[in-house]
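A.B. asks: take this sequence and fold it.
(2 chains)
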Amino acid sequence: ETGVTQSPTHLIKTRGQQVTLRCSSQSGHNTVSWYQQALGQGPQFIFQYYREEENGRGNFPPRFSGLQFPNYSSELNVNALELDDSALYLCASSWDRSNTEAFFGQGTRLTVV
Amino acid sequence: AQSVAQPEDQVNVAEGNPLTVKCTYSVSGNPYLFWYVQYPNRGLQFLLKYITGDNLVKGSYGFEAEFNKSQTSFHLKKPSALVSDSALYFCAVRASSGGSYIPTFGRGTSLIVHP
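C.D. replies: Numbering: from 1, shown residues only, chains lettered A, B, ... in the order given. Below is the predicted model of the structure:
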C-alpha cells in the first residue's frame, strides 16, 4: 500500500453540478499532485501543490481548482461538470517539491451523466 | 513541449521469457524518466526512475530499464516474465530543471503474460 487514500472511490454526478474529491497523503509528504485519467489514456497532470500553494498547473480550465491542508489532506474541486470530465482522478504525494517519486492513491472514478 | 511515446498498445509474452516494453521521449534538457504499473481499478505503482548516473536502472519486482540518451529511449525490461506481471505500464518524463515539475505520461502499454 502507498499510504495515499482517496474518497469516494466511485461517484456519479449530473452535468452542470459541482464535485469535491478528497485525498489523504502520507505524513511528511508536502507535495500533492492531481491527475485525470480518461479511459484508455495515460494520466494527465491537472495541478500540483507544495506546502498549500499551487506550484504547477497543466492544461485544465479554471473550473478545476484545488486546496491542500496542513494535515496532509487535499481536495480537487470541479465546477460546472461536463460529460468529458468522466474519468479516473488520481492524487499522488511526494516528500519533495520536485516530485521525483510519487505515491499514488487508488483513484476516484467520476461519471458525469 | 515534452512528450512520451509508447509505440505498442499491447505486448504479449510467454511466462519465463524476457519482456521489453518500449518508451521514447522528448524533453528540453536532461530528462527525469519514470515507469509505473497499474493493475485493474487501482492507482499507479512506482517501479523505477532515472535521474542521473548509471544508464541501467533497477527497480521493483525484478524490473529494470535502460536509459539511452542518443536514442531518447527508456525501455522497461525483465529477464523472466511472470503471469502476475500482466498489467498496464506507463512511462513518464519531465524536465530535470527549469522549475516545472509537470510530468507527461505515455498512453500506456498493456502487458499480457501467458502461462
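A.B. asks: up against chain B, what does chain A have?
C.D. replies: With C-beta under 8 Å from any C-beta of the partner chain as the criterion, chain A comes near chain B at residues A:2, A:4, A:6, A:40-45, A:48, A:55-56, A:58, A:90, A:92, A:97-107. The way it works is simple: take the backbone N, C-alpha and C, and place the C-beta from them, glycine included.
A.B. asks: what about those residues, which are in strands?
C.D. replies: A:6, A:44-45, A:48, A:55-56, A:90, A:92, A:103-104 (DSSP state E).
A.B. asks: mind putting those residues in TSV, neighbour count, distance to B:T24 and pLDDT included?
C.D. replies: Output for these, formatted as TSV (neighbours: other C-beta atoms under 10 Å in any protein chain shown; distance: C-beta to C-beta, whole Å; pLDDT from 0 to 100):
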residue	neighbour count	distance to B:T24	pLDDT
A:Q6	22	31	96
A:Q44	18	19	95
A:F45	22	20	93
A:Q48	27	25	92
A:N55	16	28	86
A:G56	20	24	87
A:L90	27	24	95
A:A92	28	24	93
A:F103	20	26	90
A:F104	23	23	92
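A.B. asks: what sits against B:L48?
C.D. replies: Contacts for B:L48 (C-beta atoms under 8 Å, 6 or more residues apart in numbering or on different chains) come out as B:34-35, B:57-60, B:63-65.
A.B. asks: need those residues in a markdown table (columns: secondary structure, distance to B:V13 and pLDDT).
C.D. replies: Formatted as a markdown table, these follow (DSSP: H, G, I helix; E, B strand; the rest coil; distance: C-beta to C-beta, whole Å; pLDDT from 0 to 100):
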| residue | secondary structure | distance to B:V13 | pLDDT |
| --- | --- | --- | --- |
| B:F34 | strand | 22 | 95 |
| B:W35 | strand | 16 | 96 |
| B:V57 | strand | 21 | 95 |
| B:K58 | strand | 20 | 95 |
| B:G59 | coil | 18 | 93 |
| B:S60 | helix | 19 | 90 |
| B:F63 | coil | 13 | 97 |
| B:E64 | strand | 16 | 97 |
| B:A65 | strand | 16 | 97 |
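A.B. asks: ok, these vs chain A, which is closest?
C.D. replies: Distances from chain A to the contacts of B:L48, taken as C-beta to the nearest C-beta, are shortest for B:F34 (8.3 Å).
A.B. asks: need the three-state assignment for the closest residue to the closest one other than its chain neighbours.
C.D. replies: Once flanking residues are discounted, B:F34 sits nearest to B:A92: 4.3 Å by C-beta to C-beta, 6 or more residues apart in numbering or on different chains. Classification of B:A92 using DSSP: H, G, I helix; E, B strand; the rest coil returns strand.
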